[in-house]
Structure formats: C-alpha cells, structure tokens
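Engineer: Predicted model follows, preceded by the sequence.
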Amino acid sequence: MTGTNHLRMPPLRACAMSLALASCFGTSRPSRFYTLEPLQVRDGPGSTATSAMLAVGPVELPDYVDRPQIVLRESANQVQLAGFDNWAGSLSDMVNRVLLEDLSAQMPGDHVVAFPQGGAAVFDYRVAVQISRFDVSTAGEAVVAASWRVWDRVGTKTRLTASTTTRGAALGTTYQDRVAALSQAYADLAGEIARSLSRVRDTP
C-alpha cells in the first residue's frame with residue numbers, strides 16, 4: 001500500500017459527483033437581450049404650420065442604470081440588477097436614438113437631428129435632457145423622470161426649462177413586458193418634450 005491510497009475516491013462516489021456537477025452547469029439559464037423601441041406617443045402635439053430644425057442632445061442617464069444589466073427597483077432606496085436579462089447594446093445610445101425617433105414621429109413637419117453631430121448644422125432650437133430615473137419596479141411600474149432645457153438658435157438664451165415624471169404599466173411579469181413599459185413611459189416623455197417645444201415656438 002502506498003501513502004496516496006487514502007486520497008483515492010470510490011468510483012461510484014466520483015461518478016455521482018461528476019453527474020451532479022454536469023447537472024449544475026447544464027441547467028444554467030441563457031442570457032436574454034432587449035432593446036428600447038420608439039412607440040406612438042399618446043396625445044402628442046401633431047404637426048405645426050412652419051418647419052423648424054430641432055437639435056436634441058445631449059441626453060444624459062443616471063449612472064445606476066447606464067450598465068448592461070436591466071435595473072429593477074425593489075424600493076425607494078434599493079435596486080437589483082437582472083442576472084440574465086441585459087440591454088442589447090449601450091443604453092445611453094438607445095435613449096438618444098429612441099428620443100430622436102419619438103420626437104420625429106410627434107413633429108413630422110420638423111427636422112429633428114442629434115446634437116452634437118458632424119458638420120455645422122444650423123438649428124432653430126436645441127433641447128438637452130437630463131434623466132434622473134429610468135427603471136421599472138418588481139411590481140411592473142416603469143418610471144422615467146427627467147428635466148430638459150430648450151435653447152435658442154445661438155445657444156445663449158434659455159427659452160424654457162421643464163421637468164416631468166412619466167409612467168408605464170407592464171402587462172406581465174416578464175422582462176419583455178417590463179422593457180415595453182419603459183418604452184411607453186419614455187415615449188410619453190417625448191410627448192411632453194414635443195409639447196413644450198410647440199409652446200416655445202408659439203411664444204414670440
């Protein structure tokens with residue numbers, strides 16, 4: 001007998017442990033990926049009589065949601081990160097793109113462009129957006145809180161400052177339902193911004 005025989009594991013026990021490990025690894029959940037999508041805004045301002053060039057940006061997100069994982073809010077002071085449900089790309093890029101598309105749909109007679117962008121585009125107004133909350137609760141309530149500022153053509157005079165909180169209700173408990181609710185709440189924010197731009201344009 002050698003000094004290493006006591007380290008040998010009985011064959012049946014070794015087989016059972018191998019099967020248990022294989023079972024653990026074999027049942028791991030696959031990751032799922034989601035995109036924020038533009039939606040039809042409810043009760044938007046519609047088209048205006050004259051066309052304008054509207055520059056949008058920057059659109060800033062709070063740090064706690066600017067990450068690959070979808071953030072769920074458990075309480076006023078606590079959030080959790082989804083383990084297997086992630087954004088299919090940069091959330092910061094998505095919120096910029098979707099806001100442009102939502103505003104373009106709400107103001108079809110105008111030209112909505114990103115700011116800053118390449119070239120020296122001339123615009124009539126610029127709106128910058130600061131998002132302070134962008135999450136959905138474990139109960140399915142999506143909340144988007146934001147403030148925004150509208151500048152004149154030169155960018156030296158503030159024409160309007162405003163803020164709002166919009167909400168959406170998830171139709172189910174899946175992350176797909178939760179992301180759809182966030183898309184709706186964000187679309188409603190775009191509607192509020194569009195209405196404020198219309199008020200600015202109606203003011204001499």
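Structural biologist: Sure thing, it's come through. Numbers count the residues shown, from 1 in each chain.
Engineer: Okay, strands next: where are they in this structure?
Structural biologist: 32-34, 53-60, 69-75, 78-87, 111-114, 125-137, 141-151, 158-169 (DSSP state E).
Engineer: can you count the residues close to the residue nearest to residue 34 when sequence neighbours are not counted?
Structural biologist: Nearest residue to residue 34, sequence neighbours excluded (CB to CB, 6 or more residues apart in numbering): residue 179, at 4.5 Å. Quick note: C-beta positions are derived from backbone N, CA and C, even for glycine. Residue 179 has 20 neighbours, counted by other CB atoms under 10 Å.
Engineer: And the helix of greatest length in the chain, what does it pack against?
Structural biologist: Ranked by number of residues, the top helix in the chain under DSSP state H is helix 175-202. Counting contacts by 3 or more CB pairs under 8 Å, 6 or more residues apart in numbering; DSSP states H and E, helix 175-202 is packed against strand 32-34, strand 69-75, helix 91-106, strand 125-137, strand 141-151, strand 158-169.
Engineer: how many degrees apart are that helix and strand 69-75 in direction?
Structural biologist: 90 degrees (axes from the mean of the first three to the mean of the last three CA atoms, to 10 degrees).
Engineer: who touches residue 112 in this structure?
Structural biologist: Contact partners of residue 112, counting by CB atoms under 8 Å, 6 or more residues apart in numbering, are 54, 56, 100, 103-104.
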